[in-house]
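Peer 1: coordinates only, sequence not included:
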């Protein structure tokens, strides 16, 4: 960082020195002639648009990864439930019940916590229960399949929680905001003061477009909060299917958790 700042300052000093000493030798024009402020607005606007586009692509990539991880976790949990059908009745019931409770804990508690970039300890209770149940199945053919499905679920959850945090540092966001202000101000300086209705309308449109791009970046960078958020549709569907399988295999059994995924008293 220090190197970049030093090089930038040296470049600025070199530019000022060239303007003072080299310009008279290389450019045969009056000292009052040269680029006006309006000539610099075009490159400034182009730089602003490129910066916003680059950051938008980065934020959108993080959003896509979060969505893929959410669906992958739901599929892994569903595979765990289906694989449990090959386990003895006692372990099968524990795994399927735990899957329902895990899905509820993720859907109700962890999803709302991810809006602020955080996770929830509630699903950990049931993932720990999975491993405890697997210990009772060690040595059986179904053991390896269950462990593989649970490892996939754990990896996808970790990826989901990673993508829940902002991928764009606040420093970059504030830099983009400052760039927007400077660009709009510079354009405003170059507009005529009279008979400028068309130019004013254009300035308003440019400001609106740049602002919209920045708002979209801010919103997409929070995949589980805001307007364009990822809904817990996949995990909710897995919860419904797991609850159906649990009810079929043990009609009289009760789930060990409440509607929010907390362990029942």
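Peer 2: Perfect, thanks for sending it. Predicted model only: the values in this text are computed from it and were never measured.
Peer 1: Just to check, residue 142 is in contact with residue 85?
Peer 2: No - using C-beta atoms under 8 Å, residue 142 makes no contact with residue 85, being 9.0 Å away. Where C-beta positions appear, they are placed from N, C-alpha and C, glycine not excepted.
Peer 1: And the next helix or strand past the strand or helix carrying residue 149?
Peer 2: In this assignment (DSSP states H and E), residue 149 forms part of helix 141-164. Downstream of helix 141-164, the first helix or strand assigned by DSSP H and E is helix 170-190.
Peer 1: ok, residues contacting that following helix?
Peer 2: 37-38, 40-41, 44-45, 47-48, 51-52, 55, 203, 206-207, 210-211, 214, 217-218 (C-beta atoms under 8 Å, 6 or more residues apart in numbering).
Peer 1: make it 7 Å
Peer 2: 37-38, 41, 44-45, 48, 51-52, 55, 203, 206-207, 210-211, 214, 218 (C-beta atoms under 7 Å, 6 or more residues apart in numbering).
Peer 1: buried stuff in whichever helix or strand residue 90 is part of?
Peer 2: Counting by DSSP H and E, the element that carries residue 90 is helix 89-104. Under the neighbour-count criterion of 16 or more other C-beta atoms under 10 Å, helix 89-104 has 91-104 buried.
Peer 1: nearest to residue 79, of those residues?
Peer 2: residue 99 (10.2 Å; C-beta to C-beta).
Peer 1: residue contacts, the closest one?
Peer 2: 77, 80, 81, 242.
Peer 1: Quick check, pLDDT for it.
Peer 2: We have a pLDDT of 94 for residue 99.
Peer 1: just to revisit the earlier point, mind listing which of the contacts of residue 99 are in helices?
Peer 2: Mapping those onto helices (DSSP state H) picks out 77, 80, 81, 242.
Peer 1: Please give me every residue in contact with the second one.
Peer 2: Counting by C-beta under 7 Å, 6+ apart, residue 80 touches 95, 99, 146, 149, 150, 153.
Peer 1: Would you format the residues you listed as CSV with distance to residue 261 included?
Peer 2: Converted to CSV, those look like this (distance: C-beta to C-beta, whole Å):
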residue, distance to residue 261
95, 16
99, 11
146, 21
149, 19
150, 17
153, 15
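Peer 1: which one of those is nearest residue 196?
Peer 2: For those, the minimum distance to residue 196 (C-beta to C-beta) is 60.7 Å, reached by residue 153.
Peer 1: Could you find the closest non-adjacent residue to the closest one?
Peer 2: Sequence neighbours aside, residue 76 is the residue nearest to residue 153 in space, at 3.8 Å (criterion: C-beta to C-beta, 6 or more residues apart in numbering).
Peer 1: ok, that neighbour touching residue 149?
Peer 2: Yes - taking C-beta atoms under 7 Å as the definition, residue 76 is a contact partner of residue 149 at 5.8 Å.
Peer 1: Now residue 257: phi and psi?
Peer 2: phi -140, psi 170 (degrees, to the nearest 10).
Peer 1: quick one: buried residues of stretch 223-231?
Peer 2: 223, 224, 225, 229, 230.
Peer 1: who's in contact with residue 228?
Peer 2: Per C-beta under 7 Å, 6+ apart, neighbours of residue 228: 219, 220.
Peer 1: That should have said residue 103, apologies.
Peer 2: Here residue 103 is in contact with 77, 235, 238, 239, 242 (C-beta under 7 Å, 6+ apart).
Peer 1: what pLDDT does it get?
Peer 2: pLDDT, read off for residue 103, is 95.
Peer 1: What of residue 15?
Peer 2: 63.
Peer 1: immediately after the helix or strand containing residue 112, which helix or strand?
Peer 2: Taking DSSP H and E as the criterion, residue 112 maps to helix 111-114. Where DSSP H and E defines the elements, the next helix or strand beyond helix 111-114 is helix 122-136.
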